[in-house]
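> Quick one, fold the following:
(one chain, ligands or ions: 2)
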Amino acid sequence: MSESRIAKLAAHLTGFGAKAGFRVAVLGASGGIGQPLSLLLKKTNLVRELHLYDVKGTKGVMADLSHINTYTTVRSFEGNAELAECLKGCDLVVIPAGVPRKPGMTRDDLFKINAGIVASLAAGVADSCPEAFVAIISNPVNSTVPIAAEVLKRKGCYNPAKLFGVTSLDVVRANTFVAEACNQKPEKMNVPVIGGHSGNTILPLLSQTSPKNALPMDQVKALTNRIQNAGTEVVEAKAGTGSATLSMAAAAHRFAESCLRALNGEFGVVECAYVENSEAISQGLAFFALPVRLNKTGVSGFAPLTPLSDYEAQLFNSMKGALAGNIRKGQEFGRSFT
Ligand code: NAD
Ligand code: LMR
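Residues are numbered from 1 along each chain as shown. Ligands and ions are numbered 1, 2, ... in the order given. Next up, the predicted model:
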(Lines give C-alpha, C1' and ligand atoms only; values in the text may rest on other atoms or scores of the structure.)
(Ligands and ions follow the chains in the order given, each with its own letter.)
Protein backbone atom coordinates (compact mmCIF):
# COMPACT_ATOMS: atom_id res chain seq x y z
CA MET A 1 0.00 0.00 0.00
CA SER A 2 1.36 3.47 -0.89
CA GLU A 3 2.36 5.96 1.82
CA SER A 4 -0.58 8.25 0.97
CA ARG A 5 -3.13 5.40 1.09
CA ILE A 6 -1.81 4.34 4.51
CA ALA A 7 -2.05 7.96 5.67
CA LYS A 8 -5.65 8.24 4.43
CA LEU A 9 -6.60 5.00 6.12
CA ALA A 10 -4.93 6.08 9.39
CA ALA A 11 -6.78 9.42 9.34
CA HIS A 12 -10.02 7.57 8.65
CA LEU A 13 -9.57 4.93 11.36
CA THR A 14 -8.33 7.17 14.14
CA GLY A 15 -10.44 10.18 13.24
CA PHE A 16 -7.32 12.06 14.34
CA GLY A 17 -8.49 15.64 14.72
CA ALA A 18 -11.09 15.05 12.03
CA LYS A 19 -13.77 17.69 11.58
CA ALA A 20 -17.16 17.21 9.95
CA GLY A 21 -16.21 19.61 7.20
CA PHE A 22 -14.78 23.05 6.62
CA ARG A 23 -15.94 26.53 5.70
CA VAL A 24 -14.36 27.67 2.45
CA ALA A 25 -14.66 31.07 0.78
CA VAL A 26 -14.05 31.80 -2.90
CA LEU A 27 -13.34 35.52 -3.50
CA GLY A 28 -14.04 36.27 -7.17
CA ALA A 29 -16.64 33.50 -7.30
CA SER A 30 -18.64 34.87 -10.26
CA GLY A 31 -15.64 34.81 -12.60
CA GLY A 32 -14.24 32.45 -15.19
CA ILE A 33 -12.27 30.50 -12.57
CA GLY A 34 -14.57 31.23 -9.63
CA GLN A 35 -17.63 29.49 -11.08
CA PRO A 36 -16.15 26.12 -12.07
CA LEU A 37 -14.00 26.11 -8.92
CA SER A 38 -17.11 26.67 -6.82
CA LEU A 39 -18.84 23.82 -8.67
CA LEU A 40 -15.96 21.46 -7.83
CA LEU A 41 -15.95 22.61 -4.19
CA LYS A 42 -19.73 22.05 -3.95
CA LYS A 43 -18.99 18.43 -4.82
CA THR A 44 -16.15 18.06 -2.29
CA ASN A 45 -16.97 16.11 0.88
CA LEU A 46 -14.63 18.09 3.10
CA VAL A 47 -16.43 21.36 2.28
CA ARG A 48 -19.32 21.81 4.71
CA GLU A 49 -20.06 25.45 3.89
CA LEU A 50 -19.13 27.25 0.69
CA HIS A 51 -19.14 31.05 0.75
CA LEU A 52 -19.20 32.81 -2.63
CA TYR A 53 -17.98 36.41 -2.73
CA ASP A 54 -17.63 38.83 -5.65
CA VAL A 55 -18.40 42.45 -6.45
CA LYS A 56 -21.43 41.14 -8.36
CA GLY A 57 -23.22 38.03 -9.60
CA THR A 58 -22.90 35.59 -6.70
CA LYS A 59 -26.67 35.35 -6.01
CA GLY A 60 -27.18 33.63 -9.37
CA VAL A 61 -24.18 31.35 -8.96
CA MET A 62 -25.43 30.38 -5.50
CA ALA A 63 -29.00 29.68 -6.69
CA ASP A 64 -27.61 27.47 -9.44
CA LEU A 65 -25.10 25.55 -7.30
CA SER A 66 -27.47 25.13 -4.36
CA HIS A 67 -29.68 22.80 -6.46
CA ILE A 68 -26.91 20.19 -6.61
CA ASN A 69 -27.74 17.42 -4.14
CA THR A 70 -24.57 17.39 -2.05
CA TYR A 71 -23.92 17.93 1.66
CA THR A 72 -22.25 21.33 1.10
CA THR A 73 -24.39 24.40 1.83
CA VAL A 74 -23.79 27.53 -0.28
CA ARG A 75 -24.17 31.20 0.67
CA SER A 76 -23.59 34.29 -1.46
CA PHE A 77 -22.07 37.66 -0.55
CA GLU A 78 -21.67 40.74 -2.74
CA GLY A 79 -19.69 43.94 -2.33
CA ASN A 80 -17.30 45.12 0.32
CA ALA A 81 -20.06 45.57 2.92
CA GLU A 82 -20.60 41.78 2.94
CA LEU A 83 -16.94 40.70 2.88
CA ALA A 84 -16.57 40.43 6.67
CA GLU A 85 -19.66 38.23 7.02
CA CYS A 86 -18.43 36.04 4.14
CA LEU A 87 -15.02 35.50 5.73
CA LYS A 88 -16.11 34.98 9.34
CA GLY A 89 -15.04 31.52 10.55
CA CYS A 90 -13.49 30.45 7.25
CA ASP A 91 -10.83 27.73 7.34
CA LEU A 92 -9.67 28.27 3.76
CA VAL A 93 -9.96 31.33 1.51
CA VAL A 94 -9.26 30.91 -2.21
CA ILE A 95 -8.74 34.13 -4.19
CA PRO A 96 -9.21 34.18 -7.99
CA ALA A 97 -10.45 37.84 -7.95
CA GLY A 98 -8.99 40.16 -10.56
CA VAL A 99 -8.57 40.71 -14.27
CA PRO A 100 -7.09 38.12 -16.65
CA ARG A 101 -4.62 38.68 -19.52
CA LYS A 102 -5.40 39.43 -23.14
CA PRO A 103 -3.04 38.47 -26.01
CA GLY A 104 0.15 40.54 -25.96
CA MET A 105 0.06 41.19 -22.19
CA THR A 106 2.39 39.81 -19.55
CA ARG A 107 1.12 38.77 -16.13
CA ASP A 108 2.99 41.76 -14.70
CA ASP A 109 0.76 44.04 -16.82
CA LEU A 110 -2.10 42.95 -14.50
CA PHE A 111 -0.32 44.36 -11.44
CA LYS A 112 -1.89 47.84 -11.81
CA ILE A 113 -5.42 46.50 -11.25
CA ASN A 114 -4.94 43.26 -9.33
CA ALA A 115 -2.46 44.53 -6.72
CA GLY A 116 -5.10 46.72 -5.04
CA ILE A 117 -7.78 44.00 -5.30
CA VAL A 118 -5.59 41.41 -3.58
CA ALA A 119 -4.39 43.88 -0.94
CA SER A 120 -7.93 44.83 0.06
CA LEU A 121 -9.08 41.21 0.17
CA ALA A 122 -6.03 40.27 2.29
CA ALA A 123 -6.97 43.08 4.69
CA GLY A 124 -10.46 41.53 4.89
CA VAL A 125 -8.94 38.15 5.73
CA ALA A 126 -6.82 39.75 8.47
CA ASP A 127 -9.91 41.37 10.00
CA SER A 128 -12.28 38.39 9.81
CA CYS A 129 -10.41 35.05 9.62
CA PRO A 130 -6.74 35.66 10.48
CA GLU A 131 -6.16 31.94 11.15
CA ALA A 132 -7.36 30.76 7.72
CA PHE A 133 -5.24 29.17 5.00
CA VAL A 134 -5.13 31.70 2.12
CA ALA A 135 -4.56 30.51 -1.47
CA ILE A 136 -3.94 33.25 -4.03
CA ILE A 137 -4.63 32.60 -7.71
CA SER A 138 -4.82 36.25 -8.91
CA ASN A 139 -1.93 37.28 -11.15
CA PRO A 140 0.83 38.25 -11.08
CA VAL A 141 1.22 35.56 -8.39
CA ASN A 142 4.96 36.34 -8.05
CA SER A 143 3.92 39.76 -6.66
CA THR A 144 0.38 39.29 -5.29
CA VAL A 145 1.57 36.82 -2.63
CA PRO A 146 4.25 39.23 -1.27
CA ILE A 147 1.57 41.97 -1.34
CA ALA A 148 -0.77 39.86 0.80
CA ALA A 149 2.12 38.97 3.16
CA GLU A 150 2.89 42.66 3.77
CA VAL A 151 -0.77 43.53 4.36
CA LEU A 152 -1.16 40.64 6.82
CA LYS A 153 2.09 41.67 8.57
CA ARG A 154 0.86 45.20 9.05
CA LYS A 155 -2.36 43.80 10.53
CA GLY A 156 -0.23 41.69 12.92
CA CYS A 157 -1.44 38.31 11.72
CA TYR A 158 0.97 37.11 9.03
CA ASN A 159 1.68 33.41 9.28
CA PRO A 160 3.98 32.37 6.39
CA ALA A 161 2.91 28.76 6.88
CA LYS A 162 -0.64 29.63 5.81
CA LEU A 163 -0.18 31.92 2.81
CA PHE A 164 0.14 30.21 -0.59
CA GLY A 165 0.47 31.26 -4.21
CA VAL A 166 -1.36 28.64 -6.26
CA THR A 167 1.07 27.21 -8.83
CA SER A 168 -0.63 23.84 -9.21
CA LEU A 169 -1.66 24.62 -12.79
CA ASP A 170 2.03 24.50 -13.73
CA VAL A 171 2.28 21.03 -12.19
CA VAL A 172 -0.96 19.86 -13.83
CA ARG A 173 0.31 21.04 -17.23
CA ALA A 174 3.77 19.57 -16.73
CA ASN A 175 2.24 16.23 -15.73
CA THR A 176 0.05 16.23 -18.85
CA PHE A 177 2.72 17.22 -21.36
CA VAL A 178 5.46 14.97 -19.95
CA ALA A 179 3.13 11.98 -19.67
CA GLU A 180 2.09 12.49 -23.31
CA ALA A 181 5.74 12.61 -24.40
CA CYS A 182 6.61 9.46 -22.42
CA ASN A 183 3.44 7.57 -23.26
CA GLN A 184 2.52 7.33 -19.57
CA LYS A 185 -0.79 7.86 -17.75
CA PRO A 186 -1.11 11.63 -17.01
CA GLU A 187 -2.78 10.96 -13.65
CA LYS A 188 0.22 8.88 -12.53
CA MET A 189 2.86 11.41 -13.59
CA ASN A 190 4.39 13.81 -11.07
CA VAL A 191 6.63 16.64 -12.20
CA PRO A 192 7.82 19.07 -9.52
CA VAL A 193 7.66 22.69 -10.72
CA ILE A 194 9.58 25.26 -8.70
CA GLY A 195 10.35 29.00 -8.86
CA GLY A 196 7.53 31.38 -9.65
CA HIS A 197 4.47 31.62 -11.87
CA SER A 198 5.34 33.57 -15.01
CA GLY A 199 7.42 32.90 -18.10
CA ASN A 200 10.96 31.79 -17.33
CA THR A 201 10.39 31.93 -13.54
CA ILE A 202 8.37 28.69 -13.99
CA LEU A 203 10.99 25.96 -13.61
CA PRO A 204 9.77 22.41 -14.24
CA LEU A 205 12.20 19.77 -12.98
CA LEU A 206 12.10 17.17 -15.71
CA SER A 207 15.17 15.54 -14.17
CA GLN A 208 13.04 14.65 -11.12
CA THR A 209 9.83 13.20 -12.52
CA SER A 210 8.08 10.25 -11.02
CA PRO A 211 8.04 7.82 -12.75
CA LYS A 212 11.49 8.62 -14.13
CA ASN A 213 11.78 9.46 -17.83
CA ALA A 214 14.42 8.92 -20.48
CA LEU A 215 13.65 11.99 -22.57
CA PRO A 216 16.49 13.27 -24.73
CA MET A 217 17.77 16.79 -24.04
CA ASP A 218 16.12 18.39 -27.09
CA GLN A 219 12.72 17.11 -25.90
CA VAL A 220 13.42 18.24 -22.32
CA LYS A 221 14.10 21.74 -23.66
CA ALA A 222 10.99 21.76 -25.87
CA LEU A 223 8.76 20.54 -23.02
CA THR A 224 10.25 23.05 -20.56
CA ASN A 225 9.53 25.84 -23.02
CA ARG A 226 5.95 24.64 -23.55
CA ILE A 227 5.27 24.42 -19.79
CA GLN A 228 6.67 27.93 -19.27
CA ASN A 229 4.46 29.34 -22.03
CA ALA A 230 1.33 27.23 -21.56
CA GLY A 231 -0.64 30.13 -20.04
CA THR A 232 0.07 32.21 -23.15
CA GLU A 233 -0.97 29.25 -25.34
CA VAL A 234 -4.45 29.45 -23.73
CA VAL A 235 -4.60 33.27 -23.76
CA GLU A 236 -3.89 33.26 -27.50
CA ALA A 237 -6.38 30.46 -28.23
CA LYS A 238 -9.08 32.38 -26.30
CA ALA A 239 -8.27 35.42 -28.46
CA GLY A 240 -9.12 38.21 -26.04
CA THR A 241 -11.86 36.54 -24.01
CA GLY A 242 -9.64 35.55 -21.06
CA SER A 243 -7.05 33.08 -19.85
CA ALA A 244 -7.14 29.54 -18.46
CA THR A 245 -10.28 29.03 -16.38
CA LEU A 246 -11.30 25.36 -16.55
CA SER A 247 -7.85 23.82 -16.14
CA MET A 248 -7.16 26.44 -13.45
CA ALA A 249 -10.36 25.52 -11.60
CA ALA A 250 -9.29 21.86 -11.69
CA ALA A 251 -5.79 22.76 -10.47
CA ALA A 252 -7.09 25.08 -7.73
CA HIS A 253 -9.54 22.42 -6.63
CA ARG A 254 -6.67 19.93 -6.34
CA PHE A 255 -4.76 22.42 -4.19
CA ALA A 256 -7.80 23.36 -2.06
CA GLU A 257 -8.64 19.71 -1.44
CA SER A 258 -5.05 19.03 -0.37
CA CYS A 259 -5.25 21.92 2.11
CA LEU A 260 -8.51 20.53 3.52
CA ARG A 261 -7.09 17.00 3.78
CA ALA A 262 -4.14 18.44 5.72
CA LEU A 263 -6.47 20.49 7.93
CA ASN A 264 -8.41 17.30 8.55
CA GLY A 265 -5.36 15.58 10.01
CA GLU A 266 -4.22 13.55 7.02
CA PHE A 267 -0.49 12.85 6.91
CA GLY A 268 1.76 12.93 3.88
CA VAL A 269 0.04 15.73 1.94
CA VAL A 270 2.50 17.38 -0.46
CA GLU A 271 1.80 20.06 -3.10
CA CYS A 272 3.97 22.50 -5.00
CA ALA A 273 3.10 26.06 -3.93
CA TYR A 274 4.66 29.52 -3.91
CA VAL A 275 5.42 30.32 -0.28
CA GLU A 276 7.82 32.26 1.88
CA ASN A 277 10.76 30.00 2.55
CA SER A 278 14.33 29.74 3.63
CA GLU A 279 15.38 26.80 1.46
CA ALA A 280 18.95 26.94 0.21
CA ILE A 281 17.72 26.31 -3.32
CA SER A 282 15.92 29.67 -3.45
CA GLN A 283 19.20 31.48 -2.68
CA GLY A 284 17.81 34.56 -1.02
CA LEU A 285 14.48 34.69 -2.85
CA ALA A 286 11.97 35.34 -0.06
CA PHE A 287 9.16 33.59 -1.95
CA PHE A 288 9.63 30.50 -4.05
CA ALA A 289 7.49 27.62 -5.31
CA LEU A 290 8.59 24.23 -4.01
CA PRO A 291 6.97 20.93 -3.05
CA VAL A 292 5.67 21.71 0.46
CA ARG A 293 4.47 19.35 3.14
CA LEU A 294 1.11 20.38 4.57
CA ASN A 295 -0.42 19.69 7.95
CA LYS A 296 -3.07 21.31 10.15
CA THR A 297 -0.81 24.27 10.83
CA GLY A 298 0.01 24.90 7.16
CA VAL A 299 3.47 24.37 5.69
CA SER A 300 5.28 21.93 7.96
CA GLY A 301 8.40 21.59 5.80
CA PHE A 302 9.67 21.08 2.28
CA ALA A 303 9.81 17.77 0.46
CA PRO A 304 13.40 16.98 -0.49
CA LEU A 305 14.57 17.64 -4.04
CA THR A 306 17.69 16.17 -5.56
CA PRO A 307 20.23 18.62 -7.02
CA LEU A 308 19.15 20.36 -10.24
CA SER A 309 20.51 19.16 -13.58
CA ASP A 310 23.02 21.48 -15.28
CA TYR A 311 20.26 22.69 -17.62
CA GLU A 312 17.86 23.41 -14.72
CA ALA A 313 20.60 25.15 -12.73
CA GLN A 314 21.28 27.37 -15.73
CA LEU A 315 17.55 28.21 -16.05
CA PHE A 316 17.40 28.93 -12.32
CA ASN A 317 20.35 31.33 -12.52
CA SER A 318 18.85 33.17 -15.46
CA MET A 319 15.45 33.76 -13.80
CA LYS A 320 16.55 34.70 -10.26
CA GLY A 321 16.80 38.43 -11.01
CA ALA A 322 13.32 38.63 -12.56
CA LEU A 323 11.69 36.76 -9.68
CA ALA A 324 13.48 38.90 -7.08
CA GLY A 325 12.20 42.02 -8.90
CA ASN A 326 8.61 40.72 -8.89
CA ILE A 327 8.86 39.96 -5.16
CA ARG A 328 10.28 43.40 -4.35
CA LYS A 329 7.58 45.15 -6.39
CA GLY A 330 4.88 43.30 -4.45
CA GLN A 331 6.49 43.97 -1.08
CA GLU A 332 6.82 47.70 -1.80
CA PHE A 333 3.19 47.93 -2.88
CA GLY A 334 1.99 45.95 0.15
CA ARG A 335 3.98 48.11 2.57
CA SER A 336 2.51 51.33 1.18
CA PHE A 337 -1.08 50.07 0.78
CA THR A 338 -3.60 51.87 2.98
P1 NAD B 1 -12.57 36.81 -14.58
O2 NAD B 1 -12.52 38.23 -15.03
O3 NAD B 1 -13.38 35.85 -15.37
O4 NAD B 1 -13.07 36.73 -13.08
C5 NAD B 1 -12.54 37.55 -12.07
C6 NAD B 1 -13.64 37.83 -11.07
O7 NAD B 1 -13.07 38.65 -10.05
C8 NAD B 1 -14.83 38.61 -11.67
O9 NAD B 1 -16.04 37.93 -11.38
C10 NAD B 1 -14.76 39.95 -10.97
O11 NAD B 1 -16.04 40.55 -10.72
C12 NAD B 1 -14.08 39.56 -9.66
N13 NAD B 1 -13.51 40.68 -8.92
C14 NAD B 1 -12.91 41.79 -9.39
N15 NAD B 1 -12.58 42.61 -8.37
C16 NAD B 1 -12.98 41.98 -7.23
C17 NAD B 1 -12.93 42.31 -5.86
N18 NAD B 1 -12.40 43.46 -5.42
N19 NAD B 1 -13.45 41.45 -4.98
C20 NAD B 1 -14.00 40.27 -5.39
N21 NAD B 1 -14.08 39.91 -6.69
C22 NAD B 1 -13.58 40.77 -7.59
O23 NAD B 1 -11.06 36.31 -14.49
P24 NAD B 1 -10.55 34.79 -14.32
O25 NAD B 1 -10.34 34.19 -15.64
O26 NAD B 1 -11.40 34.11 -13.32
O27 NAD B 1 -9.06 35.07 -13.70
C28 NAD B 1 -8.91 35.62 -12.42
C29 NAD B 1 -7.45 35.82 -12.08
O30 NAD B 1 -6.78 34.56 -11.99
C31 NAD B 1 -6.66 36.63 -13.11
O32 NAD B 1 -5.81 37.53 -12.44
C33 NAD B 1 -5.84 35.59 -13.84
O34 NAD B 1 -4.67 36.10 -14.40
C35 NAD B 1 -5.54 34.63 -12.70
N36 NAD B 1 -5.13 33.29 -13.10
C37 NAD B 1 -4.15 32.69 -12.37
C38 NAD B 1 -3.74 31.42 -12.66
C39 NAD B 1 -2.68 30.74 -11.84
O40 NAD B 1 -2.14 29.71 -12.26
N41 NAD B 1 -2.37 31.20 -10.66
C42 NAD B 1 -4.33 30.71 -13.74
C43 NAD B 1 -5.33 31.34 -14.47
C44 NAD B 1 -5.72 32.64 -14.14
C1 LMR C 1 -1.93 30.67 -16.56
O2 LMR C 1 -0.81 30.22 -16.35
O3 LMR C 1 -2.74 30.13 -17.34
C4 LMR C 1 -2.37 31.90 -15.82
O5 LMR C 1 -1.33 32.46 -15.10
C6 LMR C 1 -3.10 32.88 -16.67
C7 LMR C 1 -2.22 33.58 -17.67
O8 LMR C 1 -2.33 34.81 -17.76
O9 LMR C 1 -1.48 32.92 -18.39
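
> can we go C-alpha only for contacts and neighbour counts from here?
Will do.

> For the stretch 201-338 of the chain, which residues are neighbours of ligand 2?
Residues of the stretch 201-338 of the chain lying near ligand 2 by C-alpha under 6 Å from any ligand atom: 231-232, 243-244.

> Spatially, which two of those are the most separated?
Thr232 and Ala244 (9.0 Å; C-alpha to C-alpha).

> need the contact list for Cys86.
25, 51-53, 76-77 (C-alpha atoms under 8 Å, 6 or more residues apart in numbering).

> and if you look at Val145?
By C-alpha under 8 Å, 6+ apart, Val145 lies in contact with 136, 163-165, 275, 330.

> Tell me which helix or strand the residue of the stretch 201-338 of the chain found nearest ligand 2 sits in.
Residue of the stretch 201-338 of the chain nearest ligand 2, by C-alpha to the nearest ligand atom: Gly231 (3.4 Å). According to DSSP states H and E, Gly231 maps onto helix 230-238.

> tell me the pLDDT at Pro304?
On pLDDT, Pro304 comes in at 86.

> ditto for Met248
Confidence score, pLDDT, at Met248: 98.

> For it, which non-adjacent residue is spatially closest?
Excluding the flanking residues, the one nearest Met248 by C-alpha to C-alpha, 6 or more residues apart in numbering is Leu169, at 5.8 Å.

> Helix or strand with the lowest mean pLDDT in the protein?
Least confident helix or strand, the chain: helix 3-14 with a mean of 48, by mean pLDDT, DSSP states H and E.

> sorry, back to before: contact partners of the helix holding Gly231?
Residues contacting helix 230-238 (C-alpha under 8 Å, 6+ apart): 101-103, 173, 241-244.

> And the average pLDDT for that helix is what?
Helix 230-238 shows a mean pLDDT of 98.

> quick thing: my sequence starts at 26, can you match it?
Fine by me, first position is 26 from now on; the one you just mentioned is helix 255-263.

> list the helices and strands the helix ranked longest in the chain packs on?
Longest helix in the chain, counting residues (DSSP state H): helix 335-361. Secondary-structure packing of helix 335-361 (3 or more C-alpha pairs under 8 Å, 6 or more residues apart in numbering; DSSP states H and E): helix 136-153, helix 166-179, strand 227-229.

> quick one, strands of the protein?
Applying DSSP state E to the chain gives strands spanning 47-52, 72-79, 98-103, 117-120, 158-161, 188-190, 218-220, 227-229, 294-301, 312-320, 323-327.

> which residues are in contact with the longest one?
In this case it means strand 312-320. Identification of contacts with strand 312-320 by C-alpha under 8 Å, 6+ apart yields 167, 171, 190, 192, 217-221, 284, 287-288, 290-302, 307, 324-329, 352.

> list the buried ones in it?
312-320 (16 or more other C-alpha atoms under 10 Å).

> I figured Arg337 was touching Asn225, is that so?
Quick fix: residue 337 is Glu, not Arg. No. Using C-alpha atoms under 8 Å, Glu337 is not in contact with Asn225; the gap is 11.2 Å.

> Which single residue in the stretch 76-225 of the chain comes nearest to ligand 2?
Across the stretch 76-225 of the chain, no residue is closer to ligand 2 than Arg126, which sits at 4.8 Å (C-alpha to the nearest ligand atom).

> I'd guessed that residue sits against Arg132; true?
Yes. Arg126 is in contact with Arg132 according to C-alpha under 8 Å; the separation is 6.7 Å.

> List the contacts of Ala204.
210-211, 214.

> Give me the distance between it and ligand 1.
Applying C-alpha to the nearest ligand atom, to the nearest Å, the value for Ala204 to ligand 1 is 20 Å.

> Show the model's pLDDT score for that residue.
What the model reports as pLDDT for Ala204 is 98.

> if we can go back for a sec, would you turn the buried residues of strand 312-320 into CSV with pLDDT and distance to Ile93?
Listed next are the buried residues of strand 312-320 as CSV, based on pLDDT from 0 to 100; distance: C-alpha to C-alpha, whole Å:
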residue, pLDDT, distance to Ile93
Phe312, 97, 39
Phe313, 97, 38
Ala314, 97, 35
Leu315, 95, 36
Pro316, 97, 34
Val317, 97, 33
Arg318, 97, 33
Leu319, 98, 30
Asn320, 98, 30
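
> what about Ala264, how many neighbours?
Neighbourhood size, Ala264 [other C-alpha atoms under 10 Å]: 11.

> ok, now Asn302?
Neighbour tally, Asn302, other C-alpha under 10 Å: 21.

> Show me which residues of the protein are close to ligand 1?
Counting by C-alpha under 6 Å from any ligand atom, the chain sits next to ligand 1 at 52-53, 55-59, 79-81, 121-126, 142, 162-164, 191-192, 194, 267-270, 273.

> Buried members of the residues you listed into PyMOL, please.
To isolate the buried members of the residues of the chain next to ligand 1 in PyMOL, using 16+ other C-alpha under 10 Å:
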select buried, resi 52+53+55+56+57+58+59+79+80+121+122+123+124+125+126+142+162+163+164+191+192+194+267+268+269+270+273
